[in-house]
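Trainee: I'll drop the sequence and a predicted model, then ask my questions.
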Amino acid sequence: MKQNDWEEFAVTKSNEVIGFIGLGVMGKSMAVNLLKAGFEVFVYTRTKEKASELLSQGAKWASSPKEIAQLANVIISMVGYPSDVEEIYFGENGLIENGKKGTHLIDMTTSTPSLAMRISEEAKKRGMQSLDAPVSGGDIGARDAKLTIMVGGDSEAFEVVRPIFDIIGSNVVHQGPAGSGQHTKMCNQIAIASNMIGVTEAISYAKKAGLDPDRVLRSISSGSAGSWSLSNLVPRMVKGDFEPGFYIKHFIKDMKIALDEAERMGMEAPGLSLSKSLYEGLAEAGEENSGTQALYKHYN
């Protein structure tokens, strides 16, 4: 089928009902942007109170993943851990067991490539399509609909739901077959892990040298040392703002997945290992629900 032939099947506000599971730091903003775009959105989260803001903006409540599966034909999940993904998709009241033929399942959780491939295989057996589509950009990217979205799965399914991705993200790339999105997210997390050490050490050094961290940031953020973490997270560090744009506990989960995959491929990742150990130390000190910028506390 040619690219332009997909216009006939592409998602539109008139022919799709979206189900959204998981309304955390990022998921809530993503669902809000879909509502603003005019889609009918059903939401489910374990704690209904978390959905109150969305319900006041026009979202509709579903009492379980099963109900989401019965109501929606595009279902997005954005939860915490692979175990949560497995329960949502394969539990007794899960999406695979109860989804309708023709449904598109989109897991945007950072999870394991093997689980993404399993979901895809089982979904196809029941006449559904599945995409693994983890994101990067944190709370700011989710709020501003500027997420980077890394997609694995069938290219035809990707083209059908591309309009949805374009509403919540600004950098959407189809990476390959099922599991490819998750592998790409591991590349992203590996790069961030070592970068966060460098960023935090640089600003800690500036402070100990008696420099103004804000002035230092103005100089180095636009040069060869520039990075998203430097520009977006250092201002939070300097202000003492350690609220989560992305939880430390979830970053540790991601780094463990990446290390497991690297080991499976026979690859060493010393920078990733060091970063994981530093963040685990913070989690043990009670910082697991802080944002990743709380690495600053290790040095200060």
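Mentor: That came in fine, so what should we check first?
Trainee: now whichever helix in the chain runs longest: buried residues?
Mentor: In the chain, assigned by DSSP state H, the helix with the most residues is helix 180-208. By neighbour count with 16 or more other Cβ atoms under 10 Å, helix 180-208 contains the buried residues 180-186, 188-193, 195-197, 199-200, 202-204, 206-207. (Each C-beta comes from the backbone N, C-alpha and C, glycine too.)
Trainee: ditto for stretch 281-290
Mentor: So, applying 16+ other Cβ under 10 Å, buried residues of stretch 281-290: L282, A283, E287, E288, S290.
Trainee: can you list which of those are found in helices?
Mentor: L282.
Trainee: packing partners of whatever helix or strand S219 lives in?
Mentor: If you go by DSSP states H and E, S219 is part of helix 213-220. Packing contacts for helix 213-220, counted by 3 or more Cβ pairs under 8 Å, 6 or more residues apart in numbering; DSSP states H and E, involve helix 180-208, helix 228-239.
Trainee: for the ones you listed, which one sits closest to R218?
Mentor: helix 228-239 (10.5 Å; Cβ to Cβ).
Trainee: returning to what we had before: give me the contacts around the helix holding S219.
Mentor: A202, I203, A206, K207, G226, L230, S231, V234, P235, M237, V238 (Cβ atoms under 8 Å, 6 or more residues apart in numbering).
Trainee: before we move on, back to that, need the helices and strands packed on helix 213-220 in CSV (columns: distance to F20 and mean pLDDT).
Mentor: As requested, these are exported to CSV (distance: least, Cβ to Cβ, whole Å; pLDDT from 0 to 100):
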stretch, distance to F20, mean pLDDT
helix 180-208, 18, 97
helix 228-239, 25, 94
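Trainee: make TSV out of these and add distance to D139.
Mentor: Compiled in TSV, the helices and strands packed on helix 213-220 are given as follows (distance: least, Cβ to Cβ, whole Å):
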stretch	distance to D139
helix 180-208	15
helix 228-239	10
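Trainee: show me the strands in this structure, by range?
Mentor: Assigned by DSSP state E, the chain shows strands spanning 17-21, 40-44, 60-61, 74-77, 104-107, 129-132, 135-136, 147-152, 169-176.
Trainee: JSON lines please, covering the ones you listed and showing mean pLDDT, mean neighbour count and distance to F158.
Mentor: Output for the strands of the chain, formatted as JSON lines (pLDDT from 0 to 100; neighbours: other Cβ atoms under 10 Å; distance: least, Cβ to Cβ, whole Å):
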{"stretch": "strand 17-21", "mean pLDDT": "96", "mean neighbour count": "27", "distance to F158": "16"}
{"stretch": "strand 40-44", "mean pLDDT": "96", "mean neighbour count": "22", "distance to F158": "21"}
{"stretch": "strand 60-61", "mean pLDDT": "96", "mean neighbour count": "14", "distance to F158": "27"}
{"stretch": "strand 74-77", "mean pLDDT": "98", "mean neighbour count": "26", "distance to F158": "13"}
{"stretch": "strand 104-107", "mean pLDDT": "98", "mean neighbour count": "27", "distance to F158": "10"}
{"stretch": "strand 129-132", "mean pLDDT": "98", "mean neighbour count": "28", "distance to F158": "6"}
{"stretch": "strand 135-136", "mean pLDDT": "96", "mean neighbour count": "24", "distance to F158": "15"}
{"stretch": "strand 147-152", "mean pLDDT": "98", "mean neighbour count": "26", "distance to F158": "6"}
{"stretch": "strand 169-176", "mean pLDDT": "98", "mean neighbour count": "18", "distance to F158": "5"}
